[in-house]
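Undergrad: have a look; sequence and predicted model below, questions after that.
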There are 2 protein chains.
Amino acid sequence: MEKTQSAETPEIGGIRERPKKGDGSICGYESLHRLLGDNLKPEIFQEVSRLLQGLNGGKALESIDLPEPAIAVSLKHDFDLQAFHFSADKELLREPRIVRVGLIQNSISLPTTAPFLDQKRAIYKKLEPMLDAAGASGVNILCLQEAWMMPFAFCTREKRWCEFAEPINGESTQFLQEFAKKYNMVIVNPILERDINHGETIWNTAVVIGHNGNIIGKHRKNHIPRVGDFNESTYYMEGNTGHPVFETAFGKIGVNVCYGRHHPLNWMAFGLNGAEIVFNPSATVGELSEPMWPIEARNAAIANSYFVGSINRVGTETFPYPFTSGDGKPQHSDFGHFYGSSYFSAPDASCTSSLSRHRDGLLISDMDLNLCRQLKDKWGFRMTARYELYNELLGRYLRPDFEPQVISDPLLHKKC
Amino acid sequence: MEKTQSAETPEIGGIRERPKKGDGSICGYESLHRLLGDNLKPEIFQEVSRLLQGLNGGKALESIDLPEPAIAVSLKHDFDLQAFHFSADKELLREPRIVRVGLIQNSISLPTTAPFLDQKRAIYKKLEPMLDAAGASGVNILCLQEAWMMPFAFCTREKRWCEFAEPINGESTQFLQEFAKKYNMVIVNPILERDINHGETIWNTAVVIGHNGNIIGKHRKNHIPRVGDFNESTYYMEGNTGHPVFETAFGKIGVNVCYGRHHPLNWMAFGLNGAEIVFNPSATVGELSEPMWPIEARNAAIANSYFVGSINRVGTETFPYPFTSGDGKPQHSDFGHFYGSSYFSAPDASCTSSLSRHRDGLLISDMDLNLCRQLKDKWGFRMTARYELYNELLGRYLRPDFEPQVISDPLLHKKC
């Protein structure tokens, strides 16, 4: 099928990382934070930051000086590199527990029409300098984006993309294990998984690699979307691994994959199991979710007194065969723009600014894990949560004969 | 005790509604939205609004033309008056169900040292024109702020403020019943309640008044704060009324009082019981919660597919006897600044701009309640929620011998 290419339409099978700047258009801006910083007077920007980023007195989060090689590699490979520091109170009976955490967001590297092995290897090649930059910067725990080793092809409903699935100790895990060992770095590795021992079933899975390069365990995505172009339930089912928290050398971490961020109970479960940092590796597009992106992770960090690292892929991925969507749009060949914007949220309601909406990026933040318990003590959300009420309600709700607690205006019914 | 008054310190027992504008200071700005609108170029403001308010293509929410008398009264009494319209798709099998909803935020009227009856009556007097403006504007459901009929004196821990408590059919309810009848308007009336029939116990309660002026029922605040200056648990206990949803002539509504907004499970419960609009009448201060304010209610609206109306009182209330706080601050005489900023959130992640941070205000919005089910169908959060997992987890968590699901790095423990 022939298709005329306009400046706005990426080539079929191609990748578009950064929209072109038009005349006076602002579609190429890097992030909300930079857009505001570039266009507001400093004292106004400071007050706006206080409100939007929960920064005390509008004082920017302290940034970290990264080693020269990391900065050089980010310039050479044109990826966004930002680093911040969340502070916590000094305690009298515990030493600070400062951990350096990293998030990587990236676009794919070859067109989706290239041979699959080439596509995967090209992503490895693109990630290498970013992984080196993380290692050189002393990152202790690093998380990649959802299904980072492939295009996010689940819009197509074509089953051939299943070929990308790998066992949890497959090639992509092995690729990252080398970096884990080299840099003494825990790596959260979200892949498309094939479970050989259970009928070759497909799952959306995060493999947690320890700082010695060993596989600590895995978590399978708990909540699977059926919305817009997100036809993921065509490929894999709801995860069967519960809400594990992984005790690593650098802290207790959980992984809430993508659509699970819309479910407050999913966030809660990682908290009840003791998570201090929860990662949300994602793949989500502008039209569908961009206004929700700064809300849900921050709410989870506040409500559960833990840190959250949110990662979204970047760019527009186009596919060879057009597909239709749950929104009744005419057939189209791409998911829309993956808007990046990866960021960290803290339990005290503060957050970092976001990575670029268009470019690959590595976001680093130091966080004193003591802040989690400090916020529990301050706000008392666990103490005041009344879980017994909700356990009872959910028990009733699950029964087919559930009767909602409704108090009707008696005059209303008299009239009917 | 003598105390020197500075320009920044309100008189003891007094009220300060609006900070003075300093030299180049921006402390007197009305709201984040207006601050951005006044300082950004239109095309940038449009993009910022798309991201911050979830507005499609950055197109502002349609505003509503209010009747001239309502506008005149807002100018005469200097309260902020804003009105918007959330739209929904037209359905083929249901008519639109458009409801006009209002929120009132206000400061107290007399110093906290005035006789209690005078203080209460002065608040009635101040609210009258606002209630008339709501009625004249055709508001169907109106919600006032938490404990609107008194100063928020729970910072003091002095028990004499208990005198303000009223039975649910007491003077403040009677005052509002007249307006309900006059304007055919449901009114949510959050008061300090005294339960005469159960040992004269105090509760933090929302009384729901039907459009005929009848009392439909009450809901008692479920989660009680112990944070900073919020010593509310000195006065009343966790509510014993569950999570009722009130079926009114204009829709099904719930009331999540103040601190309950930090508890995602509390929001969820009103949703499971069928709420289409949940009000969050609050009293909260800048230093403690302002960056959380735009997060939690919006998250609840998204996660539970309903509308939320958030109300916060306004101004700084000072008390005759200084008190100390949970934060170890030196003794002081006020709670800090109640920052108003009342606003509506919709299930599609959009929200209105906020009322003033300093002035009394009436915020009105039309909302098509069909949007709730439209978002349920689109995103499928109920369908994908896996409540059985969480019911099981909470059941285990409540047991004294609960064991969190933790997967430890085996190499880590070998080393220890």
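TA: Noted; the coordinates are in hand.

Undergrad: pLDDT below threshold where in the stretch 101-250 of chain A?
TA: When residues are selected by pLDDT under 70, none of them lie in the stretch 101-250 of chain A.

Undergrad: what about the helices in it?
TA: Counting by DSSP state H, counting those that start in this stretch, the stretch 101-250 of chain A has helices at residues A:116-136, A:171-183.

Undergrad: quick check: buried residues in the last one?
TA: The neighbour-count check on helix A:171-183 (16 or more other Cβ atoms under 10 Å in any protein chain shown) flags A:172, A:173, A:175, A:176, A:177, A:179, A:180, A:183 as buried. To be clear about C-beta, it is placed using only N, CA and C from the backbone, and glycine gets the same treatment.

Undergrad: residue A:251 versus the fifth one, what's the distance?
TA: For residue A:177, the distance to residue A:251 under the criterion Cβ to Cβ, to the nearest Å works out to 20 Å.

Undergrad: same question, the third one
TA: Going from residue A:175 to residue A:251 by Cβ to Cβ gives 24 Å.

Undergrad: about what we covered before: could you dump the helices of the stretch 101-250 of chain A to JSON lines with distance to residue B:368?
TA: Compiled in JSON lines, the helices of the stretch 101-250 of chain A are given as follows (distance: least, Cβ to Cβ, whole Å):
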{"stretch": "helix A:116-136", "distance to residue B:368": "44"}
{"stretch": "helix A:171-183", "distance to residue B:368": "47"}
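
Undergrad: would you list those helices in CSV and tack on distance to chain B?
TA: Below are the helices of the stretch 101-250 of chain A laid out as CSV (distance: least, Cβ to the nearest Cβ, whole Å):
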stretch, distance to chain B
helix A:116-136, 19
helix A:171-183, 11
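
Undergrad: sorry, back to before: tell me which two in the buried residues of helix A:171-183 are the farthest apart.
TA: Spatial extent of the buried residues of helix A:171-183 (Cβ to Cβ) is set by the pair A:172 and A:183 at 17.2 Å.

Undergrad: which residues touch whichever residue of the stretch 51-200 of chain A sits closest to chain B?
TA: Nearest to chain B in the stretch 51-200 of chain A, going by Cβ to the nearest Cβ, is residue A:54, at a distance of 3.3 Å. By Cβ atoms under 8 Å, 6 or more residues apart in numbering or on different chains, residue A:54 lies in contact with A:298, A:346, A:348, A:349, A:350, A:351, B:291, B:292.

Undergrad: still on that earlier bit, closest one of the buried residues of helix A:171-183 to residue A:90?
TA: Closest approach between these and residue A:90, by Cβ to Cβ: residue A:183, at 28.8 Å.

Undergrad: nearest residue to that closest one other than its sequence neighbours?
TA: Spatial nearest neighbour of residue A:183, excluding adjacent residues (Cβ to Cβ, 6 or more residues apart in numbering or on different chains): residue A:135 at 3.1 Å.

Undergrad: likewise for residue A:279?
TA: residue A:143 (4.2 Å).

Undergrad: repeat that for residue A:132.
TA: Nearest to residue A:132 is residue A:73, by Cβ to Cβ, 6+ apart, at 6.3 Å.

Undergrad: tell me the confidence at the one you found?
TA: We note a pLDDT of 97 for residue A:73 in this prediction.

Undergrad: wait, is it part of a helix?
TA: Yes - looking at residue A:73 with DSSP: H, G, I helix; E, B strand; the rest coil, it is inside a helix.

Undergrad: for burial, what's the neighbour tally of the residue nearest to residue A:251 when sequence neighbours are not counted?
TA: Excluding its sequence neighbours, the residue lying closest to residue A:251 (Cβ to Cβ, 6+ apart) is residue A:276, at 4.8 Å. By other Cβ atoms under 10 Å in any protein chain shown, 25 other residues sit near residue A:276.

Undergrad: the one 10 residues further on too?
TA: Other residues near residue A:286 come to 18 when the count uses other Cβ under 10 Å.

Undergrad: what's the answer for the one 5 residues further on, then?
TA: When neighbours are defined as other Cβ under 10 Å, residue A:291 has 22 of them.

Undergrad: let me see the contact set for it.
TA: Residue A:291 touches B:50, B:51, B:52, B:53, B:54, B:55, B:349, B:350, counting by Cβ under 8 Å, 6+ apart.

Undergrad: low-confidence stretches in the stretch 301-416 of chain A?
TA: For the stretch 301-416 of chain A, the stretches flagged by pLDDT under 70 are A:414-416.

Undergrad: quick one: the strands in it, in order.
TA: A:307-312, A:314-323, A:332-334, A:338-339, A:343-345, A:361-368, A:406-408 (DSSP state E, counting those that start in this stretch).

Undergrad: and residue A:242, how far is that from residue A:121?
TA: 34 Å.

Undergrad: swap in residue A:37?
TA: In terms of Cβ to Cβ, residue A:37 sits 38 Å off from residue A:121.

Undergrad: cool, residue A:320 as well?
TA: Separation of residue A:320 from residue A:121 (Cβ to Cβ) stands at 20 Å.

Undergrad: those two: which is more packed in?
TA: Legend: neighbour count by other Cβ under 10 Å for residue A:320 and residue A:121, higher for residue A:121 (17 against 13).

Undergrad: near chain B, which residues of the stretch 301-416 of chain A are found?
TA: Within the stretch 301-416 of chain A, the positions adjacent to chain B are A:302-303, A:326, A:349-350, A:378-381, A:383-391, A:393-395, A:397-398, A:404-412 by Cβ under 8 Å from any Cβ of the partner chain.

Undergrad: just the buried members of those?
TA: Neighbour counting by 16+ other Cβ under 10 Å classes A:302-303, A:349-350, A:378-381, A:384-387, A:389-391, A:393-395, A:397, A:404-405, A:407, A:409, A:412 among those as buried.

Undergrad: out of the residues you listed, which are inside helices?
TA: Among those, the residues falling in helices (DSSP state H) are A:302-303, A:378-379, A:387, A:389-391, A:393-395, A:397, A:412.

Undergrad: for those residues, give me a markdown table that also has distance to residue B:62.
TA: Shown next, in a markdown table, are these (distance: Cβ to Cβ, whole Å):
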| residue | distance to residue B:62 |
| --- | --- |
| A:302 | 31 |
| A:303 | 32 |
| A:378 | 41 |
| A:379 | 37 |
| A:387 | 42 |
| A:389 | 39 |
| A:390 | 37 |
| A:391 | 43 |
| A:393 | 37 |
| A:394 | 38 |
| A:395 | 43 |
| A:397 | 36 |
| A:412 | 30 |
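
Undergrad: mind listing the strands for the stretch 1-150 of chain A?
TA: Under DSSP E, counting those that start in this stretch, the stretch 1-150 of chain A gives strands at A:15-16, A:62-63, A:80-86, A:98-105, A:141-143.
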